[in-house]
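Enquirer: Quick one, what's the 3D model for this:
(chains A and B)
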Amino acid sequence: DTGVSQNPRHKITKRGQNVTFRCDPISEHNRLYWYRQTLGQGPEFLTYFQNEAQLEKSRLLSDRFSAERPKGSFSTLEIQRTEQGDSAMYLCASSLEVGGRNSEQYFGPGTRLTVT
Amino acid sequence: AQSVTQLGSHVSVSEGALVLLRCNYSSSVPPYLFWYVQYPNQGLQLLLKYTTGATLVKGINGFEAEFKKSETSFHLTKPSAHMSDAAEYFCASSGSGGYNKLIFGAGTRLAVHP
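Expert: Numbering: from 1, shown residues only, chains lettered A, B, ... in the order given. Predicted structure coming up:
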């Protein structure tokens, strides 16, 4: 069990550029969540997947944001035309859902995005 | 809609003193409740959780929390603070009946001084 990993750990980009983050969940986990944490705030839910299906999206996830989990394993979160307000820590978590019962979520170390 | 409120964005205690971090939730039905800890530049680590059953739950590192439905509270305590407890603590809730998306409070930064 290597835990949830996220890459890169830090990303600095200029306003208007596109960025992509990757999350590798715990290998047997079928659920994957994305959260965003701004300075001084708790994490806010963005979206989650069950296997490759995206089951819920927050209204925080504007049309500039897209998330995928094409093979039900790793996931990517892309932000197009970044804005300074996108600067935040992006956290990924995974869990195991079996027979309608879901385990607790395990979090990765996060990707810190700074938009200049 | 569910919400979580943490009273006190900063708490400072002396080493060896009682730690009390407050959390209140708002939900039409009792949710699942969690406390997470976050050290600088790291992800969230689960300290403890309440789902059903015993209302006093014990977690890692000597922390415990009590679910009080009448007060809609889930306060985190530790009898004796250590310097290593200095971190940010988040209370979170998810829908009852399963672990779903988490709703977090704004967090409480705990400082421990000698």
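
Enquirer: Next, name the residue at the spatial heart of the chain.
Expert: Just going to use chain A. Centrality entry for chain A: nearest residue to the mean C-alpha point is A:W34, 3.1 Å, by CA atoms, centre = their mean.

Enquirer: wrong one, chain B
Expert: Most central in chain B (CA atoms, centre = their mean) works out to B:W35, at 3.5 Å.

Enquirer: Just confirm that one contacts B:H75, I think it does.
Expert: No: taking contacts as CB atoms under 8 Å, B:W35 lies outside contact range of B:H75: 9.5 Å. Where you see a C-beta, it was placed from the backbone N, CA and C, and this is true even at glycine.

Enquirer: And the residue of chain B closest to chain A?
Expert: B:F104 (3.2 Å; CB to the nearest CB).

Enquirer: From B:Y25, how far out is that residue?
Expert: 11 Å (CB to CB, to the nearest Å).

Enquirer: quick one: common contacting residues for those two?
Expert: B:4, B:91 (CB atoms under 8 Å, 6 or more residues apart in numbering or on different chains).

Enquirer: on that earlier part again, look up the residues that both of B:W35 and B:H75 are in contact with.
Expert: With CB under 8 Å, 6+ apart as the test, B:W35 and B:H75 both reach B:21, B:23, B:65.

Enquirer: Most neighbours of all the residues you listed, which one?
Expert: B:A65 (26 neighbours; other CB atoms under 10 Å in any protein chain shown).

Enquirer: Please tell me I have it right and A:S87 contacts A:Q37.
Expert: No: the pair A:S87 and A:Q37 does not pass the contact test of CB under 8 Å, sitting 11.0 Å apart.

Enquirer: When the two are compared, which one has more neighbours?
Expert: A count of neighbours by other CB under 10 Å puts A:Q37 above the other of A:S87 and A:Q37, at 21 against 17.

Enquirer: Surely the more buried one and A:A88 touch.
Expert: Yes: in this structure, A:Q37 is within contact of A:A88 by CB under 8 Å, at 6.0 Å.

Enquirer: Helix or strand with the lowest mean pLDDT in chain A?
Expert: Ranking every helix and strand in chain A by mean pLDDT, DSSP states H and E puts strand A:101-102 at the bottom, with a mean of 75.

Enquirer: tell me what the helix or strand just after that one is packed against?
Expert: Past strand A:101-102, further along toward the C-terminus, the next helix or strand under DSSP states H and E is strand A:106-107. In terms of contacts (3 or more CB pairs under 8 Å, 6 or more residues apart in numbering or on different chains; DSSP states H and E), strand A:106-107 is packed against strand A:88-95, strand B:44-50.

Enquirer: For the residue nearest to the centre of chain B, give the beta-bridge partners.
Expert: B:L48, B:C91 (DSSP bridges).

Enquirer: ok, it - contacts?
Expert: So B:W35 contacts B:21, B:23, B:46-49, B:59, B:63, B:65, B:74, B:76, B:89-92 (CB under 8 Å, 6+ apart).
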